[in-house]
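> Sequence first, predicted coordinates after that:
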Amino acid sequence: MSNSGLTPYQDELLTILVEECGETIQEICKINRFGINSMSHHAPDQHHLACLIQEIGDIMCMVELITEADIGITEEKLWVAKERKREKVTKWMHHTK
């Protein structure tokens, strides 16, 4: 166990999740700058939308792995948190579909 109370495996999973979140943020910034259908600079054969889909999929995979890692994050707890967020977003969004 590290000082964080996590095993090295758990700690590494969280670190990878941080990396994936950063990559997703970067891809969203690229979309805002260049457009969702523009070609990616780091993956010239893909549009930014395809890259964003990949990055979000990577986050989803990491969340799944973290729920399996006995950190105390469960699918049930995440579902409750997700529903709370949906309510907040619905309430505070400036735009509609």
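Thanks, I have the structure now.
> Just list the residues touching the residue nearest to the spatial centre of the chain, thanks.
For the chain, the residue sitting closest to the mean C-alpha position, by Cα atoms, centre = their mean, is residue 59 at 3.8 Å. Applying Cβ atoms under 8 Å, 6 or more residues apart in numbering, one finds that residue 59 lies in contact with 17, 20-21, 24. Using the backbone N, CA and C atoms, a C-beta is placed for each residue, glycine as well.
> What subset of these is buried?
Among the contacts of residue 59, those classed as buried by neighbour count (16 or more other Cβ atoms under 10 Å) are 17, 20, 24.
> so the last one touches residue 56, yeah?
I take that to be residue 24. Yes - counting by Cβ atoms under 8 Å, residue 24 does reach residue 56; the two are 6.2 Å apart.
> mind checking how far stretch 47-64 is from the chain centre?
In terms of Cα atoms, centre = their mean, to the nearest Å, the centre of stretch 47-64 is set 7 Å apart from its chain centre.
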